[in-house]
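Trainee: Give me the fold of what follows.
(chains A and B)
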Amino acid sequence: MTPTPRRRMVPAYLATGGRTRPGGDGFERLTVLFATGAEQPSALAELEAEHRRLWDLLRPGALTVVEAAAHLRLPVSATVFLAADLVEAGCLHARAPIPRAQQTDRSLVERLLVGLRTLR
Amino acid sequence: MDSALSGNPPGPGRPDRVGYLPDPEQTLMKLVVAGPFGVGKTTFIRTLSEIPTLHTEEAMTETGAPVDDVAGLPGKTTTTVAVDFGRLTLPGELVLYMFGTPGQRRFFPLWQDIARGAIGALVLADTRRLADSFEIMDMVEEQGLPYAVAVNRFPDSPVHPAPVLRSHLDLHASTPLVLCDARERGSSLDALIALTEHVLHGLPASAPAPEQP
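Mentor: This next block holds a predicted model:
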């Protein structure tokens, strides 16, 4: 945890096109984002340069919202705005961190424990 | 700063340096590594993370006033803090994300936002200043997250027997207390295993599969 006096080159409110509307409901830090295809979608031309940066980042592979935010040096909240627009435009897929809804908390934590012990 | 990208000009992603998820169908889990400034949170995450430690900069509205680092800036009510995180892929299509979270009460809303959905918290403590971890322990308890305390060993830290540490930290009898060296992988994994065992212990036994009509 370190205070960071450094300023971004593009303020967050510009990165989101100046909007403050609520958006990106259902997105969280670990929502997985990936491109719908390797070809640049035509819908991308209608969007802002910051959208293109996010799409370019995700073209080679999948990342979580928080990883994309870190690589683009954007706040998580701004990244969620951009991702929501790109999903709406059909350029990105987004999925929840836990893909199979039938898993119980207990079975997940059991898997985690087995995995950690294997690494040990 | 601890970002792998620190020092590089901002710009589009550099795919050669981005650790993409190998399989978009993996299950992603989260835990928080909490503690006061300088206790070794980032070291702990860096030791276990398979990707260079990343950080996001989170703008946050102050909940307490006055605030020392914005003193002299009338009207300024927000501050920016860096939140470090790392990632560890485990056998069985599981990926664990570890978030280093701020230990001060004034960052409580940010802490709540990061901790939402986490399976638990590992609270780091330093025997030279155990009391510095009290604030974050209160926040973890308020959030209702199960937690374990890991005492990070520093070369000049005084060594106390576990019962003395437990008493000083006022730990519940069931809360695990482990000693660890955040620079050492096996030791850090042991701390996560202790936390995960504790989390599992607190979960109800698996319900039987629902009957098909």
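
Trainee: And the strands in the chain, which stretches?
Mentor: In the absence of a named chain, chain A is used. Assigned by DSSP state E, chain A shows strands spanning A:2-3, A:32-35, A:63-64, A:92-95.

Trainee: Switch to chain B, please.
Mentor: Using DSSP E, the strands of chain B run over residues B:27-34, B:54-61, B:78-90, B:94-101, B:121-125, B:147-152, B:177-180.

Trainee: Export the fourth one to CSV, keeping only CA atoms.
Mentor: This file holds the C-alpha atoms of strand B:94-101, laid out as CSV (Å, rounded to 0.1, in the frame of the first residue of the first chain):
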residue,chain,number,x,y,z
LEU,B,94,-7.9,-23.1,-10.4
VAL,B,95,-6.4,-19.6,-10.2
LEU,B,96,-5.9,-17.8,-7.0
TYR,B,97,-5.6,-14.0,-6.9
MET,B,98,-4.0,-12.3,-4.0
PHE,B,99,-4.8,-8.7,-3.2
GLY,B,100,-2.7,-6.6,-0.9
THR,B,101,-5.2,-4.4,1.0
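
Trainee: TSV for the strands of chain A, including mean neighbour count, distance to chain B and mean pLDDT?
Mentor: Quick note: C-beta positions are derived from backbone N, CA and C, even for glycine. Converted to TSV, the strands of chain A look like this (neighbours: other Cβ atoms under 10 Å in any protein chain shown; distance: least, Cβ to the nearest Cβ, whole Å; pLDDT from 0 to 100):
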stretch	mean neighbour count	distance to chain B	mean pLDDT
strand A:2-3	13	5	48
strand A:32-35	21	5	94
strand A:63-64	23	6	97
strand A:92-95	18	7	94
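
Trainee: Just tell me which of those ends up closest to residue B:83.
Mentor: Evaluated over those, closeness to residue B:83 peaks at strand A:2-3, with 9.8 Å, by Cβ to Cβ.

Trainee: any weak-confidence spans in chain B?
Mentor: Within chain B, the segments meeting pLDDT under 70 span B:1-16, B:61-77, B:206-213.

Trainee: List the contacts of the residue nearest the centre of chain B.
Mentor: In chain B, the centroid-proximal residue (Cα atoms, centre = their mean) is residue B:33; its distance is 1.4 Å. Applying Cβ atoms under 8 Å, 6 or more residues apart in numbering or on different chains, we find residue B:33 in contact with B:41, B:44, B:45, B:98, B:99, B:100, B:101, B:121, B:122, B:124.
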